[in-house]
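can't give you the sequence, but here's the structure:
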């Protein structure tokens with residue numbers, strides 16, 4: 001026995017008892033593994049892997065109560081640990097508690113669709129229960145995974161466990177041995193998409209579909225990647241193909257409805273979603289999409305009803321609660337507040353649902369003027385969100401410094417005359433929650449200006465210039481611009497105009513309100529020297545705290561810490577001063593507080609800068625009918641308001657970290673009115 005244990009341990013680090021126990025378990029030396037794990041947990045009681053393996057040991061020995069107690073502890077520590085939910089299912093299955101087993105397995109595959117054993121049980125259980133559609137879905141997933149090489153099954157699980165780089169290494173090695181394996185290509189594309197390498201993901205999926213046009217899973221992923229890259233017309237066309245190939249399939253219908261919304265076909269999207277709500281068992285996600293579409297087109301009351309229907313279907317769905325809070329003009333009832341409080345501390349609540357609920361509760365208590373409790377929830381939500389990100393304030397500052405070091409007066413002169421002359425784009429830049437949506441709504445109310453979205457095209461151009469970097473490698477951009485042929489600048493400018501054409505109507509000018517474009521003003525004005533830049537600025541404390549309260553759908557990773565957002569704001573002010581010194585006639589700073597206090601003079605000032613005649617509609621901007629997809633969508637449909645200008649003062653006792661981060665900012669003088 002001892003020799004076997006020694007042999008089993010020979011391939012692992014003897015200083016790692018959890019690895020040793022895992023090896024012992026594989027060798028069916030369960031009592032020895034159990035003893036080792038119990039000892040290890042004595043010194044490290046929150047080791048998730050040790051708890052999971054110990055629960056497996058207990059189940060194998062028939063100690064189901066001990067197993068479930070251990071798993072309950074693990075679930076409290078790591079609610080999104082999919083294998084723990086699968087193990088809960090195994091225990092309930094062995095105890096004959098099939099309804100509880102089904103619930104656990106469903107939760108497991110929701111967190112990690114690569115768990116073969118869960119799909120196998122669900123296929124059998126749903127079949128016996130007469131749930132034909134669910135059984136069919138589970139059987140399809142089980143058969144697909146069972147038919148894959150073991151390496152790719154492992155990659156599927158790793159992706160959903162956050163082990164992206166390890167998964168990438170395995171699948172790339174697999175493709176070297178087995179080129180053009182379609183599922184491997186699809187998995188590598190998914191990894192690329194999760195790592196924000198969307199161009200590689202698009203190419204891989206495009207290639208897979210050329211080889212096998214009937215590969216529906218790849219087409220589903222292709223639609224998502226095209227949408228992420230805001231290639232909405234192409235995404236819509238691919239979603240339509242998918243729907244034609246899979247008539248009545250809920251996933252295909254959802255994909256089609258989503259892309260209908262993306263191209264502005266809201267009535268069609270809502271018609272599809274309305275049919276789906278009545279035909280599927282768990283309509284929460286459909287109600288969420290309905291709510292988003294209704295909110296975007298200004299149907300406030302119906303959006304509220306849809307979000308409420310979503311949380312009634314799934315009370316722990318944090319996104320439903322946050323979507324209500326994020327309407328800004330909505331206030332929760334006492335009953336809804338109690339429901340949220342019950343959910344946010346419920347055992348097994350997933351991290352994503354928890355931080356969505358925290359931000360919603362922060363807004364609910366702020367509306368009730370219970371500012372200390374509100375801040376507690378905002379802080380908790382921000383901590384949870386920040387923990388899942390890899391934001392580095394030092395790396396961001398290094399990016400700012402690279403821009404300043406590269407773009408000098410001499411460089412600007414050297415690049416002069418290389419771009420295209422088109423004056424079409426008006427870039428509205430700055431920090432999120434600084435009034436950019438208000439500025440855009442004002443300008444989009446002018447007959448000569450089309451309002452669009454936060455377009456990712458400049459960021460994508462910078463990403464392409466940077467190329468694929470190894471971890472730790474110095475960025476190539478912006479220095480790589482010095483090596484480009486002069487004609488490449490005009491080519492990049494024309495590409496930007498071509499790619500953004502889909503978002504425009506017929507006006508000669510259009511807005512691009514991606515706030516993070518301020519990092520790339522040197523690039524913008526090198527490829528489109530006649531573009532205009534509006535720096536939508538808000539007072540530091542007000543701007544930063546407003547960002548801190550906001551849970552963003554994606555990006556803006558600097559907002560989830562008071563220190564990070566304060567430092568980012570300081571870097572932004574410094575970089576904008578640099579750009580203003582280089583391009584004084586191309587940039588206009590517009591202060592939110594001045595727009596609130598002196599609307600018409602500020603509107604005239606912006607229009608003069610853009611060379612446009614004054615139109616009264618710009619002052620009556622709240623009457624303009626257009627879809628608005630940002631957090632301020634409800635606010636810009638009302639006359640201008642002052643309530644948000646000094647809201648941060650209600651939280652001043654808890655904002656010391658932010659005040660310290662902002663201390664000493666050499667902010668440029670507030671613009672003349």
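All right, it came through fine. Note that the coordinates shown come from a computational prediction; the quantities given were computed from them, not determined experimentally.

can you pull the buried residues of stretch 251-258?
Neighbour-count burial for stretch 251-258, counted by 16 or more other Cβ atoms under 10 Å, picks out 252-258. (C-beta placed from N, C-alpha, C; glycine too.)

So which of these are in strands?
Within the buried residues of stretch 251-258, no residue falls in strands by DSSP state E.

Most widely separated two among those residues?
Greatest spatial distance among the buried residues of stretch 251-258 (Cβ to Cβ): 252 and 258, at 10.8 Å.

Can you pull the residues that touch both of these two?
By Cβ atoms under 8 Å, 6 or more residues apart in numbering, residue 252 and residue 258 have these common neighbours: residue 239.

now stretch 394-409, how far from the centre of its chain.
Centroid displacement of stretch 394-409 relative to its chain, using Cα atoms, centre = their mean, to the nearest Å, is 26 Å.

oh, I was asking about stretch 118-128
32 Å.

in that stretch, what's buried?
By neighbour count on 16+ other Cβ under 10 Å, the buried set for stretch 118-128 is 118-123, 125-126.

The residues you listed in helices, which ones?
118-123, 125-126 (DSSP state H).

out of these, which one sits closest to residue 595?
Minimum distance to residue 595 across these is 54.1 Å, recorded for residue 118 (Cβ to Cβ).

roughly how far apart are the closest one and residue 101?
Distance, residue 118 to residue 101, by Cβ to Cβ, to the nearest Å: 10 Å.

what's the overlap in contacts for the two?
Contacts common to residue 118 and residue 101, judged by Cβ under 8 Å, 6+ apart, are residue 89.

Residue 511: which element?
Using DSSP states H and E, residue 511 maps to strand 509-512.

which other residues reach that strand?
423-428, 440, 443-444, 448-455, 457-458, 500, 503-504, 610, 612.

Could you list the low-confidence segments of the stretch 301-450 of the chain?
When the per-residue scores of the stretch 301-450 of the chain are filtered using pLDDT under 70, no range remains.

the longest helix in this protein is where?
The longest helix of the chain (DSSP H) is helix 562-582.

Can you give the distance of that one from its chain's centre?
Relative to its chain's centre, helix 562-582 lies at 24 Å (Cα atoms, centre = their mean).

Next secondary structure element downstream of that helix?
Using DSSP H and E, the next helix or strand after helix 562-582 towards the C-terminus is strand 587-591.

Paired strands for that following strand, with orientation please.
strand 532-537 (parallel) (DSSP bridges).

Settle this for me: residue 594 is touching residue 606, isn't it.
No. With contact defined as Cβ atoms under 8 Å, residue 594 does not count as touching residue 606 (10.9 Å).

What about the closest residue in space to residue 435 that isn't next to it in sequence, how many residues nearby?
Nearest-residue entry for residue 435: residue 592, 3.5 Å, with adjacent residues in sequence omitted and distances by Cβ to Cβ, 6 or more residues apart in numbering. Residues contacting residue 592 under the criterion other Cβ atoms under 10 Å number 24.

For residue 592, which residues are in contact?
For residue 592, counting by Cβ under 8 Å, 6+ apart, the contacting residues are 434-435, 438, 536-539, 542-543, 645.

For residue 440, see how far away the residue most central in space within the chain is.
By Cα atoms, centre = their mean, the chain has its centre lying nearest to residue 554, at 3.0 Å. For residue 554, the distance to residue 440 equals 19 Å [Cβ to Cβ].

cool, residue 147 as well?
Per Cβ to Cβ, residue 147 is found 50 Å from residue 440.

now do residue 408
Taking Cβ to Cβ, one finds residue 408 at 31 Å from residue 440.

For those two, indicate the residue with more neighbours.
A direct count of neighbours by other Cβ under 10 Å for residue 408 and residue 440 places residue 440 higher, at 28 against 13.

my guess is the more buried one is in a strand, correct?
No. Under DSSP: H, G, I helix; E, B strand; the rest coil, residue 440 falls outside any strand and is assigned helix.

list the contacts for it?
By Cβ under 8 Å, 6+ apart, the contact list for residue 440 reads 428, 451, 511, 513.

And the furthest pair within these?
Within the contacts of residue 440, two members stand farthest from each other by Cβ to Cβ: 428 and 451, at 9.8 Å.

got any residues that touch both of these two?
Joint contacts of residue 428 and residue 451 (Cβ under 8 Å, 6+ apart) are 440, 443, 511.

Tell me the one among the residues you listed nearest to residue 222.
The closest of the shared contacts of residue 428 and residue 451 to residue 222 turns out to be residue 511 (Cβ to Cβ; 29.1 Å).

Please report the number of neighbouring residues for that closest one.
28.

quick one: it and residue 436, what's the gap?
Here residue 511 is placed at a distance of 9 Å from residue 436 (Cβ to Cβ).

what touches both of those two?
With contacts defined as Cβ under 8 Å, 6+ apart, the residues shared by residue 511 and residue 436 are residue 428.

on that earlier part again, distance to residue 228 added to the contacts of residue 440, as CSV?
Output for those, formatted as CSV (distance: Cβ to Cβ, whole Å):
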residue, distance to residue 228
428, 22
451, 22
511, 21
513, 18
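
Residue 26: which of the residues you listed is nearest?
Nearest member of the contacts of residue 440 to residue 26, counting by Cβ to Cβ, is residue 513, at 55.0 Å.

Leaving out the residues flanking it, which one is nearest to the closest one?
Nearest one to residue 513, counting by Cβ to Cβ, 6+ apart, is residue 428 at 4.2 Å.

Can you mark which positions in the helix or strand hosting residue 155 are buried?
Using DSSP H and E, residue 155 maps to helix 150-160. Within helix 150-160, the residues that count as buried by 16+ other Cβ under 10 Å are 151-160.

repeat for stretch 94-112
Residues of stretch 94-112 classed as buried by neighbour count (16+ other Cβ under 10 Å): 98, 100-102, 104-109, 111-112.
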